[in-house]
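Sequence and computational prediction follow.
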Amino acid sequence: MTPPFKDKNIVLGVTGSIAAYKACDLAREFMRKGASVTVVMTPEAKHFVTPITFQALTHNPVHHDPSFSHTPSGMDHIELAKKADLFLIAPATAHTIAKLAHGLADDLISILALTMRSAVAVVPAMNTNMYHHAAVQANMKKIQDLGYKLIHPDQGELACGDIGEGHIADLDIIIKSAESLI
Ligand SMILES: Cc1cc2nc3c(=O)[nH]c(=O)nc-3n(C[C@H](O)[C@H](O)[C@H](O)COP(=O)(O)O)c2cc1C
């Protein structure tokens with residue numbers, strides 16, 4: 001059977017959430033299913049998981065600094081956007097979601113979100129009080145109106161010990177959603 005992501009290029013955006021370690025499993029699972037995975041990180045994400053971890057898992061350079069490019073043209077965001085079949089931001093913090101809602105572009109993830117022609121899927125992960133804040137809810141509605149696909153968080157025990165919505169969606173659900181978008 002042909003793997004569902006055979007010959008597909010997935011750009012995986014990782015932001016500064018405690019759920020960043022789950023992006024390691026996601027990257028591995030996408031690769032197992034035939035995809036090539038390129039990870040892009042915000043500066044904050046590097047406090048949670050190091051670029052070298054993702055580089056070792058994906059066998060691809062990890063992009064995290066808009067002023068340093070891996071590509072001959074010096075324009076990682078253009079090159080990545082051209083080759084991507086899907087841009088998946090998982091986990092997505094409240095901060096990054098706010099930037100997407102307002103079209104800000106001050107790191108590679110927010111720049112790429114504006115550059116991409118492929119589907120862009122956003123997987124929020126945050127504390128339940130943050131998740132229910134009116135500003136976050138408004139920003140999530142706004143990004144959906146702008147065409148981003150939201151993969152909703154589920155209920156669960158959060159890293160802080162609280163129980164409620166905001167827990168990153170199950171990996172199986174993220175992968176199934178990705179399959180439907182690619
Ligand atoms: C230990 C710790 C865990 C955090 N987890 C989250 C989280 O799960 N979701 C979130 O929205 N923010 C979380 N934050 C706050 C973000 O790291 C912070 O808003 C940061 O500016 C996000 O930047 P970025 O979106 O550019 O990666 C956490 C902060 C700390 C110190």
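Thanks, I have the structure now.

which residue sits closest to the residue most central in space within the chain, ignoring its sequence neighbours?
Nearest to the mean C-alpha position of the chain, counting by Cα atoms, centre = their mean, stands Ile89 at 1.4 Å. Beyond its immediate neighbours in the sequence, the residue positioned closest to Ile89 (Cβ to Cβ, 6 or more residues apart in numbering) is Gly13, lying 3.8 Å away. Where you see a C-beta, it was placed from the backbone N, CA and C, and this is true even at glycine.

Neighbouring strands of whatever helix or strand Ala90 lives in in the sheet, and parallel or not?
Mapping Ala90 onto the secondary structure by DSSP states H and E places it in strand 86-92. Within its sheet, and counting by DSSP bridges, strand 86-92 is paired with strand 9-14 (parallel), strand 119-124 (parallel).

How far off centre is that strand?
2 Å (Cα atoms, centre = their mean, to the nearest Å).

Past it, which element shows up next along the chain?
Stepping forward along the backbone from strand 86-92, the first helix or strand reached (DSSP H and E) is helix 94-102.

Can I get the next helix-or-strand element following that next one as PDB, trimmed to CA atoms?
Tracing the chain past helix 94-102, the next element assigned as helix or strand by DSSP H and E is helix 108-115. What follows is the C-alpha trace of helix 108-115 in PDB, where atoms were taken according to Å, rounded to 0.1, in the frame of the first residue of the first chain:
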ATOM      1  CA  LEU A 108       9.900  32.500  10.100                       C
ATOM      2  CA  ILE A 109       6.600  30.900  11.100                       C
ATOM      3  CA  SER A 110       4.500  34.100  10.800                       C
ATOM      4  CA  ILE A 111       6.400  35.100   7.600                       C
ATOM      5  CA  LEU A 112       5.800  31.600   6.100                       C
ATOM      6  CA  ALA A 113       2.100  31.700   7.000                       C
ATOM      7  CA  LEU A 114       1.800  34.800   4.700                       C
ATOM      8  CA  THR A 115       3.900  33.300   2.000                       C
END
